[in-house]
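Engineer: Output the structure for:
(one chain, ligands or ions: 1)
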Amino acid sequence: MSAAPWAELRPTACLALADGLVLMGEGAGARGTAVGELCFNTAMTGYQEILTDPSYAGQIVTFTFPHIGNVGANEDDVETVAAEAANAALGCVLRAPISAPQNWRAGESFATWLEQRGIVAITGVDTRAITARIRDNGMVNCALQHDPDGNFDVPALLALARGAPDMAGAELATRVSGREAVPWQAGVWKWGEGFEDAKHGDGPRIVALDYGIKGNILRLLASRGAQITVLPANATVEEVLATEPDALFLSNGPGDPGATAQVIGDTLRALIDRRLPTFGICLGHQLLGLAIGAKTRKMRQGHHGANHPVLDLDTGTVSIVSMNHGFTVDADTLPPNARETHRSLFDGSNCGMALTDRPVFSVQYHPEASPGPHDSHNLFDRFLGMVMAEKASTAP
Ligand SMILES: NC(=O)CC[C@H](N)C(=O)O
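Structural biologist: Numbering: from 1, shown residues only. Sure thing, here's the model as predicted:
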């Protein structure tokens, strides 16, 4: 009697969680071992943008949507800006095998792209079960190994997962930040055109502090006429002011905001004291909160997806937004000169704030989306409007 077909099947990837769960599957992408924090993302589109968002540095992403890779990969849908952030997400966990690309924009297959980018993947595992586990127990460290020969030392992988550093306390933003000042040139991607040129006119001069910045933030600002200089996370007050900025932008980024605030907090406090108009997104929001004396804390399962409802407390309107964060600002700790402006309708956590005595505001979510709904693009108009109003009011 010949052997059953599945007798030949051998797992080529192994996912070991620090809590003891071990899953076998089929490997894809880069070979080797990725060790980091396992989180999940519920977005149904934008897998390339998600995996190249530097905010995912040190993390492995479980996609809850089962079919990932169908539209292939291209050079345009990459959110990473600085070469230092090349390895944003370390790995990914997928339900279905990666199929051949079905899209005119595909330059190559998703599997090839994962390999080129050094991202380790496992397919054929129950991603819904992993998601439910993280939802119930919180994010967990893991080791993900892809080995075409299927030689797995499971106890060693479990030990790697258990020995991985905790995300709480991890200072990652200065690691993924670019190292040099960069004048930003590209605008948003347009159907049939590609990226439009930045509209350089007399738009406001903005310094974007790069804690792991996503390209679409810069593109949305550039397409609105802003003249942008991207500066490294550890730029000094003097280096920021030397560009004669009209405004400051504080970017998204990976890791624990508390750890990064210890490195760059003094600079940020000094810049806030200069009363520069400021807008912060995600890590930038958290760093701003810490700089004014509020506290941040780690969330249990975090918010990672493209359909999160957020209430604007000023207008009573609800936006559906993109989110990607594992820490949150505790609104109860905001000082008297700050007020909460947005709140998550999923769990009531803080999603935005504004200072009452200077032109500064920030949001926990991602108005640039990429991927996600465009409901909140108007925040970029609000920022630039605020900058222009401030310029007009201080003009000699
Ligand atoms: N997208 C981000 O900027 C994430 C901020 C921070 N690293 C967090 O996980 O909460």
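
Engineer: nearest spatial neighbour of Val207, skipping sequence neighbours?
Structural biologist: Pro245 (4.3 Å; Cβ to Cβ, 6 or more residues apart in numbering). For every residue, glycine as well, the C-beta is placed using N, CA and C.

Engineer: Looks to me like that neighbour is in a helix.
Structural biologist: No - read with DSSP: H, G, I helix; E, B strand; the rest coil, Pro245 is coil and lies in no helix.

Engineer: Could you check how far it is from Leu21?
Structural biologist: 49 Å (Cβ to Cβ, to the nearest Å).

Engineer: So for those two, which sits in the more crowded spot?
Structural biologist: Pro245 (23 against 17; other Cβ atoms under 10 Å).

Engineer: My guess is that one contacts Leu209. True?
Structural biologist: No - Pro245 is beyond contact range of Leu209, at 10.4 Å (criterion: Cβ atoms under 8 Å).

Engineer: Would you map out the domains in this protein?
Structural biologist: 5-163, 173-394 (automatic domain parsing).

Engineer: Reformat those as CSV; add mean pLDDT.
Structural biologist: As requested, the domains of the chain are exported to CSV (pLDDT from 0 to 100):
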stretch, mean pLDDT
domain 5-163, 95
domain 173-394, 96
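
Engineer: Kindly reformat those as CSV and extend each row with distance to the ligand.
Structural biologist: Below are those laid out as CSV (distance: least, Cβ to the nearest ligand atom, whole Å):
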stretch, distance to the ligand
domain 5-163, 3
domain 173-394, 3
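
Engineer: Could you tell me which other helices and strands the strand of greatest length in the chain packs against?
Structural biologist: Longest strand in the chain, counting residues (DSSP state E): strand 295-312. Secondary-structure packing of strand 295-312 (3 or more Cβ pairs under 8 Å, 6 or more residues apart in numbering; DSSP states H and E): strand 32-41, helix 283-291, strand 318-330, strand 338-344, strand 350-355.

Engineer: most packed of the ones you listed?
Structural biologist: Stretch with highest mean neighbour count among those: helix 283-291 (a mean of 27; mean count of other Cβ atoms under 10 Å).

Engineer: got a list of contacts for that one?
Structural biologist: The contact list for helix 283-291, computed with Cβ atoms under 8 Å, 6 or more residues apart in numbering, reads 55, 173, 209, 211-212, 249-255, 257-258, 260-261, 264-265, 268-269, 272, 278, 280, 295-296, 325, 327-329, 334, 338, 352-353, 360, 362-364.

Engineer: Which ChimeraX command selects the buried ones in those?
Structural biologist: Only the buried entries of those go into this ChimeraX selection, using 16 or more other Cβ atoms under 10 Å:
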select :55,173,209,211,212,249,250,251,252,253,254,255,257,258,260,261,264,268,269,272,278,280,296,325,327,328,329,334,338,352,353,360,362,363,364
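
Engineer: tally of neighbours for Arg95?
Structural biologist: 19.

Engineer: In the helix or strand harbouring Glu390, which residues are buried?
Structural biologist: Assigned by DSSP states H and E, Glu390 belongs to helix 378-394. Of the residues in helix 378-394, Leu379, Phe380, Phe383, Leu384, Met386, Val387, Met388, Glu390 count as buried by neighbour count, 16+ other Cβ under 10 Å.

Engineer: Need the nearest residue in space to the third one, chain neighbours excluded.
Structural biologist: What that stands for is Phe383. Phe279 (4.2 Å).

Engineer: chain center to the strand or helix carrying the one you found, what's the gap?
Structural biologist: Per DSSP H and E: Phe279 is located in strand 278-281. Counting by Cα atoms, centre = their mean, to the nearest Å, strand 278-281 is centred 15 Å from the centre of its parent chain.
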